[in-house]
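> Got a sequence here, can you build the structure:
(2 chains)
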Protein chains: 2
Amino acid sequence: MNKTGRPQDSPLSNPRADRVRDVAKLAGRPARLKRGHFLAEGPQSVREALRLHQERLAAGSPGVVTDVYASETCLDRFPEFEELAEGTNAWLATDEVLAAMADTVNPQGIIAVCRFVDVSLESVLDAGPRLIAVLCQVRDPGNAGTVLRAADSAGADAVVLTGSSVDIYNPKAVRSTAGSLFHLPVVLGAEVADLVEACKARGIGILAADGYGSLNLDALQDENARRRLTGSGPDSVYDLGGPTAWLFGNEAQGLSAAELELADHRVAVPVYGAAESLNLGTAATVCLYASARSQRN
Amino acid sequence: MNKTGRPQDSPLSNPRADRVRDVAKLAGRPARLKRGHFLAEGPQSVREALRLHQERLAAGSPGVVTDVYASETCLDRFPEFEELAEGTNAWLATDEVLAAMADTVNPQGIIAVCRFVDVSLESVLDAGPRLIAVLCQVRDPGNAGTVLRAADSAGADAVVLTGSSVDIYNPKAVRSTAGSLFHLPVVLGAEVADLVEACKARGIGILAADGYGSLNLDALQDENARRRLTGSGPDSVYDLGGPTAWLFGNEAQGLSAAELELADHRVAVPVYGAAESLNLGTAATVCLYASARSQRN
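So this is what the prediction gives:
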């Protein structure tokens, strides 16, 4: 597997080669910013990166993946990668080389170097989104990736990270998305105030996920369901079926006072047990699925 | 702070002392099993451990915490720990000693040695539980802790881990519960088949969370809501408002064929986007909250 389509005579085997070092540097933010590239590691992430790559090529757009490095064992196990990697620089490499390139101890035999995939806020809003997840000052890469994956599961149309949030191209964040980074548009470096203004101008409601919120998410869902199923009852305080951007805050402090101020409503996921709070991934999941259900009914 | 209630002359300061080594060993399973003790680290976990400890003492039961080690800075910041630690052996310690005892790089100034808190399956079932989360072959300590915390948030009456699951007393698992380990009964080492039999005998329904399940959780919720709100419509396939034990499987493989076979129904959390699957914490959260909502309506 190489760029000419012919199998190499032998896999890349020198873990101290410049090329290996260059790839490994993408685990750090300075190299990523300088080159506009990041790492996808493991079969699931690389497969989704390559699928998006092929879709884009088929649409006449630039691809996503520049280089793929895979072990022979991995290609034996997942022969589909040969075809998926067409139009990229694809290389056989030894496990030692792959380990030296990867951020994980065990990259599971395959690594791809990808171009940044984030898009502009305007392009997201112009597409008429119904459900957006906004991460404000989220610091943990695993949390950011988990919320992005949950947003993908719930069918969200986009994920927006504010400038103060963790870099979604951090290898741990990419891993936590389990490929979802390549499924839905991601906007980076947004200013919450600008985002909220742009959403409101287009009729998108703003809900803040806030443990101290006065609106209870389950009560809101019930109210929405009652009105929908019985055609009667008072108007809901907020129509969960309408286009919505959810704001999610920092894992330790939640949303700031200024961020809360921007929302139409502050909504609490009810805690029925003794837990002090929900973790970010759990809270975001419940909120996004509540919207997804209401929007589909 | 020490067991006599008098401030020590000086904090424990030798990170190589036997006592420090003994505490540090509790990060490993052999020492935990031998001594029946585990570590709670950081203010949130230790506070919840001490609250349970005081509740138990007040009820005339044996306490949970044997020793507390805290830095002066931590006690200045959280003066409530002085009172909460009554009835334990409480020691001042330097940050260096705390770091040597802890599994984390930064134990945030406080560590508690706790007695195992798990209970028997019988005691859980005798209390007439309405909602139980069962973790089958869950291997990642962070996942197990996250699901336990989500179960606490959803007001579950107990969490059961099968014998093939990760040790919930692993320090990373304890941390991920964010104190919830001390909020609700936990059963360890269960056999799924025995558990299911015992549940069924008491009228507790068994639902398997399964991405390939033929029942769609959202459709099931809608069916339940329609019947409840309109008093009409066909009987639901399953009454989500009834007592339920949810089975959650291994993070990579899901539930085994044998485990699926034991359930009354296999229920899929719908994936509305392009994600291949939900992560375990996300799926468990959606399932448990769906039950919690239905049971409270």
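> how close does A:A245 sit to chain B?
16 Å (Cβ to the nearest Cβ, to the nearest Å). Quick note: C-beta positions are derived from backbone N, CA and C, even for glycine.
> which ones are touching that residue?
Residues counted as contacts of A:A245 (Cβ atoms under 8 Å, 6 or more residues apart in numbering or on different chains) are A:131-134, A:160, A:195-196, A:199, A:204-207.
> now, which of the residues you listed sits nearest B:L39?
The closest of those to B:L39 turns out to be A:A133 (Cβ to Cβ; 34.9 Å).
> That closest one in helix, strand or coil?
strand (DSSP: H, G, I helix; E, B strand; the rest coil).
> That one reaches A:A284, doesn't it?
Yes - in terms of Cβ atoms under 8 Å, A:A133 counts as a neighbour of A:A284; the distance is 6.5 Å.
> residues shared between the contacts of these two?
Common neighbours of A:A133 and A:A284 (Cβ under 8 Å, 6+ apart) are A:147, A:150-151, A:246, A:248.
> ok, now which ones touch A:V105?
If you count contacts by Cβ under 8 Å, 6+ apart, then A:V105 has A:A99 around it.
> three-state assignment of it?
What three-state DSSP gives for A:V105 is coil.
> Next: A:R227.
A:R227 - assigned by three-state DSSP - is helix.
> ok, how many other residues are close to it?
17 (other Cβ atoms under 10 Å in any protein chain shown).
> Against chain B, how distant is it?
Distance of A:R227 to chain B, computed by Cβ to the nearest Cβ: 10 Å.
> In the stretch 151-297 of chain A, where is pLDDT below threshold?
Applying pLDDT under 70 to the stretch 151-297 of chain A flags residues A:233-234.
> can you give me the helices in it?
Applying DSSP state H, counting those that start in this stretch to the stretch 151-297 of chain A gives helices spanning A:171-177, A:192-201, A:217-230, A:257-262, A:280-296.
> Export the ones you listed as a markdown table, with columns for distance to B:T88.
What follows is the helices of the stretch 151-297 of chain A, written out as a markdown table (distance: least, Cβ to Cβ, whole Å):
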| stretch | distance to B:T88 |
| --- | --- |
| helix A:171-177 | 37 |
| helix A:192-201 | 44 |
| helix A:217-230 | 38 |
| helix A:257-262 | 38 |
| helix A:280-296 | 31 |
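> OK, contacts around the closest residue to A:V271 other than its chain neighbours?
Spatial nearest neighbour of A:V271, excluding adjacent residues (Cβ to Cβ, 6 or more residues apart in numbering or on different chains): B:S153 at 5.0 Å. Counting by Cβ under 8 Å, 6+ apart, B:S153 touches A:269, A:271-273, A:275, A:278, A:282, B:180, B:285.
> how about CSV for those residues, with neighbour count and distance to B:A59 added?
Shown next, in CSV, are those (neighbours: other Cβ atoms under 10 Å in any protein chain shown; distance: Cβ to Cβ, whole Å):
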residue, neighbour count, distance to B:A59
A:V269, 24, 31
A:V271, 17, 24
A:Y272, 18, 23
A:G273, 19, 20
A:A275, 24, 22
A:L278, 26, 29
A:T282, 27, 31
B:S180, 28, 20
B:T285, 31, 31
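> So which residues on the stretch 151-297 of chain A come close to chain B?
A:151-156, A:178-180, A:183-184, A:218, A:221-222, A:225-226, A:229-230, A:269, A:271-279, A:281-282, A:285-286, A:289, A:292-293, A:296-297 (Cβ under 8 Å from any Cβ of the partner chain).
> Now list the buried members of the shared contacts of A:A133 and A:A284.
A:147, A:150-151, A:246, A:248 (16 or more other Cβ atoms under 10 Å in any protein chain shown).
> Among these, which one lies nearest to chain B?
A:A150 (5.0 Å; Cβ to the nearest Cβ).
> Return the alpha-carbon coordinates of the helix or strand hosting the closest one using CSV.
With secondary structure defined by DSSP states H and E, A:A150 is part of helix A:141-153. This file holds the C-alpha atoms of helix A:141-153, laid out as CSV (Å, rounded to 0.1, in the frame of the first residue of the first chain):
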residue,chain,number,x,y,z
PRO,A,141,-10.6,16.3,26.0
GLY,A,142,-12.4,13.1,26.9
ASN,A,143,-15.5,15.1,27.9
ALA,A,144,-15.6,17.1,24.8
GLY,A,145,-15.3,14.0,22.6
THR,A,146,-18.0,12.2,24.6
VAL,A,147,-20.4,15.1,24.2
LEU,A,148,-19.6,15.3,20.5
ARG,A,149,-20.3,11.6,20.1
ALA,A,150,-23.6,11.9,22.1
ALA,A,151,-24.6,14.8,19.9
ASP,A,152,-24.0,12.7,16.8
SER,A,153,-26.1,9.9,18.4
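> most remote residue from chain A's center?
A:S232 (38.6 Å; Cα atoms, centre = their mean).
> Which residues are in contact with A:L161?
A:134-135, A:138, A:144, A:168, A:186-190.
> Neighbour-wise, which one of these leads?
A:V134 (30 neighbours).
> So what pairs up with that one in the strands?
Under the criterion DSSP bridges, A:V134 forms beta bridges with A:V160, A:L247.
> right, and A:V138 touches A:V166 too?
Yes - between A:V138 and A:V166 there is a contact under Cβ under 8 Å: 6.0 Å.
> count of residues packed around whichever residue of the stretch 101-250 of chain A sits closest to chain B?
Closest residue of the stretch 101-250 of chain A to chain B, Cβ to the nearest Cβ: A:G155 (2.7 Å). The tally of other residues near A:G155 (other Cβ under 10 Å) stands at 21.
> ditto for the one 3 residues further on
When neighbours are defined as other Cβ under 10 Å, A:A158 has 21 of them.
> do the same with A:A127
12.
> contacting residues around the residue nearest to it when sequence neighbours are not counted?
Of all residues not flanking A:A127 in the chain, A:D157 sits nearest, at 6.9 Å (Cβ to Cβ, 6+ apart). Taking Cβ under 8 Å, 6+ apart, we find A:D157 in contact with A:124, A:127, A:129-132, A:184-185.
> residues contacting the residue farthest from the centre of chain A?
A:R226.
> Look up how far A:S294 lies from it.
Distance of A:S232 to A:S294, given as Cβ to Cβ, to the nearest Å: 18 Å.
> Pop the domain breakdown of chain A in here.
A:18-115, A:121-296 (automatic domain parsing).
> Out of these, which is the most enclosed?
Greatest average neighbour count among those goes to domain A:121-296 (a mean of 20), per mean count of other Cβ atoms under 10 Å in any protein chain shown.
> starting at the chain centroid, how far to that domain?
13 Å (Cα atoms, centre = their mean, to the nearest Å).
> ok, now stretch A:62-82?
Per Cα atoms, centre = their mean, the centroid offset for stretch A:62-82 relative to its chain is 22 Å.
> C-alpha coordinates for that stretch, CSV please?
Below are the C-alpha coordinates for stretch A:62-82, written out as CSV (Å, rounded to 0.1, in the frame of the first residue of the first chain):
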residue,chain,number,x,y,z
PRO,A,62,-10.7,18.4,-1.3
GLY,A,63,-10.2,15.3,0.8
VAL,A,64,-9.7,15.0,4.5
VAL,A,65,-6.9,12.4,4.9
THR,A,66,-3.4,13.1,3.6
ASP,A,67,-1.6,10.0,4.8
VAL,A,68,-2.5,6.6,6.2
TYR,A,69,0.0,4.4,8.0
ALA,A,70,-1.1,0.8,8.6
SER,A,71,0.4,-2.5,9.7
GLU,A,72,0.0,-5.6,7.5
THR,A,73,-1.9,-7.3,10.3
CYS,A,74,-4.4,-4.5,10.4
LEU,A,75,-4.9,-4.6,6.6
ASP,A,76,-5.3,-8.4,6.7
ARG,A,77,-8.0,-7.9,9.3
PHE,A,78,-9.7,-5.0,7.6
PRO,A,79,-9.1,-5.4,3.9
GLU,A,80,-11.6,-2.5,3.2
PHE,A,81,-8.9,0.0,4.1
GLU,A,82,-7.1,-0.6,0.8
